[in-house]
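1. Just the structure for this:
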Amino acid sequence: MAPHRKGKQKAGNCSSCYSAFAQLFANRMAAHLHIAEGYVSRAFCIQPNEFYRETRGRRQVVEARQLVMYLAHVELGYPLKDIGHRYHCHRSTAAHACRVTENRREDPEFDDLVCQLEAIISLRNDPLFIAV
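-> Prediction:
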């Protein structure tokens, strides 16, 4: 009986370690997305809270929101459903934002902006994600 109890204790400890790591992972992902929102809002000269409005807003806001959705999905790996929920739209709208942004990357100036933003928010240089 004693070895069986020990096994249960170890499993409990492992699941709590996994839970703690999962929470750390989620917090880090949210931080990277928050950084992306900050830099995109600066690049488009808008307030970060404009990303969360339930209406479209000005063209500048729409383009900035589309870029943030693109970065969240392509660079950070967020599912379109989660992106839609965060920015008060349907997942198909988030997918459309990604397509529009990808097409806009044909413009060298816009592509340069996106490349710079990707480098800033990239998970590749985050110590937590390098170790994984």
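2. Kindly state the pLDDT recorded for the residue lying closest to residue 50 once chain neighbours are set aside?
-> Nearest residue to residue 50, sequence neighbours excluded (C-beta to C-beta, 6 or more residues apart in numbering): residue 61, at 4.9 Å. All C-beta spots, glycine's among them, are computed from the backbone N, C-alpha and C. Per-residue pLDDT puts residue 61 at 94.
3. what does residue 56 give?
-> According to the model, residue 56 scores 78 on pLDDT.
4. Secondary structure element for the spatially closest residue to it that is not a sequence neighbour, which one?
-> Spatial nearest neighbour of residue 56, chain neighbours left out: residue 62 (5.5 Å); criterion: C-beta to C-beta, 6+ apart. Per DSSP states H and E, residue 62 falls inside helix 59-70.
5. in that helix, what's buried?
-> Neighbour counts over helix 59-70 (16 or more other C-beta atoms under 10 Å) mark 61, 63-70 as buried.
6. Repeat that for stretch 114-122.
-> The neighbour-count check on stretch 114-122 (16+ other C-beta under 10 Å) flags 114, 117-118, 121 as buried.
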